[in-house]
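Chemist: take this sequence and fold it.
(2 chains)
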Amino acid sequence: MSTSVSPRARFAVRSAGRRAERGRPRSSRSRWSAVGFIVPAWAYVACFYLYPLVSNVRMGFQNYTVASFYTGRAPYVGLANYRAVLHGSEFWPTVANTVVFTVASLVVQFSIGLALAMFFRRAFPLNGTLRSLLLVPWLLPLVVSGTVWRWMLDNDSGVLNQALLQLHVVGHPVPWLVSTKMSLIAVTLVNIWVGIPFNMVILYGGLQAIPEQVHEAAAIDGAGAWQRFRHVTLPLLRPVALVVLTLGLIYTIKVFDIIMIVTQGGPVHSSQTLTTYAYDLSFQELTFGRGAAVGNVLILVAIVFAAVYLRSTRETEGGTR
Amino acid sequence: MNLLPPRLRGMTAGRCALALAVASSLALSACGSGDGGGSGSEAGSLTETDYYDSAPQNTQLPKVLDECGDQVGVKIVHQEVPRAQFMPKLLQQASSRSLPDLALVDNPDLQQLAATGGLVPLSQAGLSTGVLYPSIVAAGRYQGETYGIAPGVNGLALFYNKDMFASAGLTPPTTWDQLTADAKKLTQGKRYGMAFSAVGTEEGSFQFEPFFWTAGASLKNLNSPQAVQALTLWKTLVDQGSASKSVVTWTQTDINDQFAAGNVAMMINGPWQLPKLNAKKDLHFGIAPIPVPSSSAKPVTPLGGEVWTVGHSDRARERKAVAVVKCLLDPEHSLEWSKAAGYIPSDRAAAARLAASDPQLAAFVTEVGTAQARTAELGTGYPKVSEALWTALQACLVGGKTPQAALAEAQSKTTKS
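Modeler: The predicted model follows:
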């Protein structure tokens, strides 16, 4: 995190760099070696990012069928794929699902993450151990945690329903994964669980960077715990919170694996988001052009928020400098 | 401390960077276009891909492949890919001109794959299909050419737990009314009377089609009164609690596990589960034909099974691959494979012999004779209609839609481009 580096440390690094620059004569040989170091990075980016990206954008304008895979020929159809997708009966419900999934995930992840970060600022025994244990959801491969969640949410034998029934919280098993009304809630819950550690870690770092003296000064001025949180912690945490939320948004909007493993977007597309919709169009219906079109819509949304993120980090850097 | 290996320590930064640049430009040119050949391009070996991910199929297939490889004098490199990634993988390989020499493709997917143009027409390569079941031959054909031939086929039937039926004093149901009533009687405590798979994949449609076709419905008209009648049967079973709501997430393997564990009294499943069920010694089960709407109706089941295809490569490899397929399909090997994997040989005479020697398979052999290929009506249009159908199943069973509304929506989806 750029904000957790103190200004003095950053100055030291910068001036050290300047000194090194001044000390080294610029020969053509060193320029060639510089090129040699840059070329692999660019080759990597071109091969594994640019090429697929450009292909996907192009495929969105093509009628790409199974035969196109072998012949390599796919006629250009202009905006027909986008028109078909936008006018399809599934598109807008899918967008609504994506918005609900993303907003609910972000709000709850952030709130719980912040609460936990505040909690771990206090010194208590086993603080470090507990904090590292909370990271486990983040470290587990999603295929593993997703599969375990699918078992836990099972209608008849899942541990969650068994527990709720035994505790008499519910009278009938909750159809987490087998109802069109519950499935979106179920995948959102799983995604929240996965996202909490990320929010907690970054927010905890942000909280550590707020000087203790500010809190003390506010306390001396007679501010209560809530007032200190509301008027000291939150405003000072704002830059970090902005970064967490923007990154969280970019991560959440492109979540694919959790939904694919837990519900496959079903039943009846009730937990389908734009990512699983794109997969479905391409690999179930084999209409690759339309799948690419949905993928491109997602890329566009991600780019917009990535730009917001880059601007906000630049602002925070400018602010602390 | 110097962490570089000794050989690199002498290198200057410039030379090191140059080496990296060369290496990466090689990688860059490699990512452009792969030109043919595929993996294992030495003449002595062929590549093979299938989607069998559980025993006994995935343990038996390599054995049969090795036998036929030895007979033809070629090494066969076996690879299994999960069912969900199978078609995407083959399509990717088609785009890089590296389709496997041999692929075992699900029969409703064959026409899609043949449409790519990447498969060798087997009829021209000298393979004949005269002695096989006509419906599986039809499933392997695209635009008048045979591209895929099945060593074995399968169908669906009703599996029932004999002990549970005996203690309830019941005999296997033959009509839909009996099925509904028996399923209700057999539902006790945590045990469900009936299980089928309405999962959101081709498997869901495959399981529903026996009821759909037996009622007299056609895939060209998903919301006919007959189709509504069939879906009403499934909805009744779920609504009265005789089948779990989880049927919308259970695959055929899942319902088999539930049946083997004694959690359900009846299930719809295929002969490929027999080796697994027979291995469970304390399970006593019987197999009956799928119940029909009225006692005069005949069950029509969808034809299941995978077909061997040969991918385009060069002449020598294609010839060898065809020779291997010929060996896999000969009466001896197709019977060996069918017995081990729980399939019915596609060779009608071999199937009849197997039915005589194995009463468990008799019900399936009778059914396969009248089974319908899923692509028979719609050809390459089948996957799309099938998706509309399984979506309708789920919308009706757990989405609160009536059978009429769910099927009407499905039909309107298939008519739109």
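Chemist: how close does the residue of chain A found nearest chain B sit to residue B:157?
Modeler: In chain A, the residue that lies nearest chain B is residue A:36 (2.6 Å; Cβ to the nearest Cβ). For every residue, glycine as well, the C-beta is placed using N, CA and C. Distance from residue A:36 to residue B:157, counting by Cβ to Cβ, to the nearest Å: 68 Å.
Chemist: report the separation between the residue of chain A closest to chain B and residue B:86.
Modeler: Distance, residue A:36 to residue B:86, by Cβ to Cβ: 43 Å.
Chemist: and for residue A:42?
Modeler: Residue A:42 sits 36 Å away from residue B:86, going by Cβ to Cβ.
Chemist: what sits against the most centrally placed residue in chain B?
Modeler: The residue lying closest to the centre of chain B (Cα atoms, centre = their mean) is residue B:106, at 4.8 Å. Listed by Cβ atoms under 8 Å, 6 or more residues apart in numbering or on different chains, the contact partners of residue B:106 are B:51, B:83, B:86, B:202, B:306.
Chemist: okay, and the beta partners of it?
Modeler: Assessed by DSSP bridges, residue B:106 has beta-bridge partners residue B:306.
Chemist: so residue B:191 sits against residue B:264, correct?
Modeler: Yes: Residue B:191 lies in contact with residue B:264 (Cβ atoms under 8 Å); the separation is 6.8 Å.
Chemist: ok, these two, which is more surrounded?
Modeler: Comparing residue B:191 with residue B:264 by other Cβ atoms under 10 Å in any protein chain shown, the one with more neighbours is residue B:264, at 29 against 14.
Chemist: from chain A, how far off is the residue nearest to the more buried one when sequence neighbours are not counted?
Modeler: Nearest residue to residue B:264 in three dimensions, chain neighbours excluded: residue B:195, at 4.1 Å (Cβ to Cβ, 6 or more residues apart in numbering or on different chains). Per Cβ to the nearest Cβ, to the nearest Å, residue B:195 is found 11 Å from chain A.
Chemist: check the gap between the residue nearest to the centre of chain B and residue A:194 for me.
Modeler: Residue B:106 is 33 Å from residue A:194, by Cβ to Cβ.
Chemist: what does residue A:61 give?
Modeler: 35 Å.
Chemist: more neighbours: the two, which one.
Modeler: In this view residue A:61 and residue A:194 are compared by other Cβ under 10 Å, and residue A:194 has more residues nearby, 23 against 20.
Chemist: quick one: the strand or helix carrying that one near chain B?
Modeler: Applying DSSP states H and E as the criterion places residue A:194 in helix A:183-208. No: figure legend: helix A:183-208 not in contact with chain B (Cβ under 8 Å from any Cβ of the partner chain); closest approach 9.1 Å.
Chemist: pull out the buried residues from that helix.
Modeler: For helix A:183-208, a neighbour-count test (16 or more other Cβ atoms under 10 Å in any protein chain shown) marks A:183-204, A:206-207 as buried.
Chemist: before we move on, what about stretch B:334-349?
Modeler: For stretch B:334-349, a neighbour-count test (16+ other Cβ under 10 Å) marks B:334-348 as buried.
Chemist: so which of those are in helices?
Modeler: B:334, B:335, B:336, B:337, B:338, B:339, B:340, B:341, B:348 (DSSP state H).
Chemist: do you know how far the second one is from chain A?
Modeler: The one in question is residue B:335. 34 Å.
Chemist: how about the last one?
Modeler: Residue B:348 sits at a distance of 32 Å from chain A (criterion: Cβ to the nearest Cβ).
Chemist: kindly report the same for the first one.
Modeler: Separation of residue B:334 from chain A (Cβ to the nearest Cβ): 29 Å.
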